[in-house]
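Novice: The amino acid sequence is not available; the structure is as follows:
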């Protein structure tokens, strides 16, 4: 089964405890000795950026990433420009919060022409690069599971994320590997190898059967079918040794007390990641 | 938008009217001038093979395929042999019913080792080839959407189906293109091109938002986001000119009167396929 991952790489992706405020999530991490946290913009907005920043700073937690930028495609140029502006704001927020990774969920197609939307994604990221560089923030292209192709992301495979990253050819752009989104892919290990030195984040959860919900359907590590440890070892062999975010979108986990979730998450991290 | 498909290629995949018996489905096809039908084994079993065969023969309908063989992976050799035996039975049934295509849904992995299950799929199909040849039945490898990787099929992309088909190197084996399963794939049109002269079936439905259910989540053509006509034209450019099956797994469509569904299906076929 290989070795457990380092506990100092464990990160709570805030969506795993979606019912908690920034303050509550930060406190839970400190109490349970989880050294990293990944923040979501809708949560930051509730608390306020400066207030969130202050809490993080005082806690001593490190911020693994900000979720999320992206959502590039739109039928009008005006709307696509608005989307770029919002991404710039997200980059500013990431820099303020002290993380150098903005996770990109690239967005769905506004119409049936998915090819054009994929071009808009590339154009969108390209336009962000100089701004991201000036703020010291990297852009992590996260391929989402193909079941989200219609409503969340036209980028659906690690191959596609690698292609995009290569075409853009900027050290500011890399890829995110989330086991829930990529585990099914027959080409996964080749693409992780191809992403060598270009992986900006690694997210874990599990694929449970039956999937309880299309969106809120992820399971706790160890409860599903994903070879998480094998994927983690492949990602490490591609020289990613940064924080590992536990990102679980699941109503029944949201409904549990935060401390209980964090205790289980740490245990499962050591056993299954 | 291109031209409508030929009405003489329209086939009712029986699962679209899952509440109807074989007899009812056959009658609905005759009444609504749908020239083809695709049959499911669980329906044939309810009615009886010989009785079903008689009904089909008397109706004048043509049978586009039998659904489904496959389900190869299993942890024990004994169970994998049983699965082969069941596939041989399915081949016999297909021949009896007068179709030369058995659709293969290759099966999920019984454990976390998806690579080994993929090998079992290849071995399973390989073992079936001589028998299929002797009965004049072709084996259509249908890649399923990656969201079914854990519970229905470890074959999840058309590339993978093409790889399998090439490796097996038999004229008895080809691929099935179902728009619901493959529409999201960035490599789709390359893989349809690659499948030239090797496509054994083309299935249509639509991807609706939100997907109402992981399994029973398909929509009527035109109600979703798939570029169905573009995919149909690509499939035809790869020299597939056979029956086009309407295969919709959706409780609310099942709950409607069969005639109503067939009338709508014909209309949508001409407008959107």
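Specialist: Sure thing, it's come through. Keep in mind it's a predicted model, so treat the numbers as computed, not measured.

Novice: Do I have it right that residue A:240 meets residue A:193?
Specialist: No: using C-beta atoms under 8 Å as the test, residue A:240 is too far from residue A:193 to be in contact (11.8 Å). Using the backbone N, CA and C atoms, a C-beta is placed for each residue, glycine as well.

Novice: Just want to know which of the two has more residues nearby.
Specialist: residue A:240 (25 against 11; other C-beta atoms under 10 Å in any protein chain shown).

Novice: Quick check: phi and psi at the more buried one.
Specialist: In terms of degrees, to the nearest 10, the main-chain angles of residue A:240 are phi -90, psi 120.

Novice: Which residues are in contact with it?
Specialist: A:177, A:199, A:202 (C-beta atoms under 8 Å, 6 or more residues apart in numbering or on different chains).

Novice: burial measure for residue A:194, as a count.
Specialist: Neighbours of residue A:194 (other C-beta under 10 Å): 17.

Novice: Kindly report the same for residue A:237.
Specialist: Residue A:237: 12 neighbours (other C-beta under 10 Å).

Novice: Could you do residue A:95 as well?
Specialist: A total of 17 residues lie near residue A:95 under the criterion other C-beta under 10 Å.

Novice: Name whatever forms a beta bridge with the spatially most central residue of chain A.
Specialist: In chain A, the centroid-proximal residue (C-alpha atoms, centre = their mean) is residue A:103; its distance is 5.2 Å. Beta-bridge partners recorded for residue A:103 (DSSP bridges): residue A:67, residue A:140.

Novice: what does residue A:39 give?
Specialist: Counting by DSSP bridges, the residues bridging with residue A:39 are residue A:66.

Novice: Provide a list of residues in contact with residue A:56.
Specialist: A:26, A:37, A:39, A:63, A:97-98.

Novice: Same list, the residues you listed, but as CSV with pLDDT please.
Specialist: CSV is the format used below for these (pLDDT from 0 to 100):
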residue, pLDDT
A:26, 98
A:37, 98
A:39, 98
A:63, 98
A:97, 98
A:98, 97
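
Novice: which of the residues you listed lies closest to chain B?
Specialist: residue A:39 (26.9 Å; C-beta to the nearest C-beta).

Novice: Return the residues in contact with the residue nearest to the centre of chain A.
Specialist: So residue A:103 contacts A:38, A:65-70, A:140, A:142, A:176, A:201 (C-beta under 8 Å, 6+ apart).

Novice: Need those residues in JSON lines (columns: neighbour count and pLDDT).
Specialist: Listed next are the contacts of residue A:103 as JSON lines, based on neighbours: other C-beta atoms under 10 Å in any protein chain shown; pLDDT from 0 to 100:
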{"residue": "A:38", "neighbour count": "26", "pLDDT": "98"}
{"residue": "A:65", "neighbour count": "31", "pLDDT": "98"}
{"residue": "A:66", "neighbour count": "27", "pLDDT": "98"}
{"residue": "A:67", "neighbour count": "30", "pLDDT": "98"}
{"residue": "A:68", "neighbour count": "21", "pLDDT": "97"}
{"residue": "A:69", "neighbour count": "30", "pLDDT": "98"}
{"residue": "A:70", "neighbour count": "28", "pLDDT": "98"}
{"residue": "A:140", "neighbour count": "28", "pLDDT": "98"}
{"residue": "A:142", "neighbour count": "25", "pLDDT": "98"}
{"residue": "A:176", "neighbour count": "29", "pLDDT": "98"}
{"residue": "A:201", "neighbour count": "27", "pLDDT": "98"}
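
Novice: Among those, which one lies nearest to residue B:271?
Specialist: residue A:70 (33.7 Å; C-beta to C-beta).

Novice: any idea how far that closest one lies from residue A:247?
Specialist: Applying C-beta to C-beta, to the nearest Å, the value for residue A:70 to residue A:247 is 15 Å.

Novice: got it, and residue A:260?
Specialist: Taken as C-beta to C-beta, the span from residue A:260 to residue A:247 is 18 Å.

Novice: okay, these two: which has more neighbours?
Specialist: residue A:247 (23 against 11).

Novice: So what's the residue count around the closest residue to the more buried one other than its chain neighbours?
Specialist: Distance criterion C-beta to C-beta, 6 or more residues apart in numbering or on different chains; nearest residue to residue A:247, sequence neighbours excluded, is residue A:13 at 3.7 Å. Neighbour count for residue A:13, taken as other C-beta under 10 Å: 29.

Novice: repeat for residue A:111
Specialist: 12.

Novice: what sits against it?
Specialist: A:75, A:117.

Novice: For it, give me phi and psi.
Specialist: Phi and psi for residue A:111, reported as degrees, to the nearest 10, are phi -150, psi -170.

Novice: what about it, distance to residue A:104?
Specialist: For residue A:111, the distance to residue A:104 - C-beta to C-beta - is 21 Å.

Novice: Distance-wise, check residue A:195 relative to chain B.
Specialist: Between residue A:195 and chain B the distance is 16 Å, computed by C-beta to the nearest C-beta, to the nearest Å.
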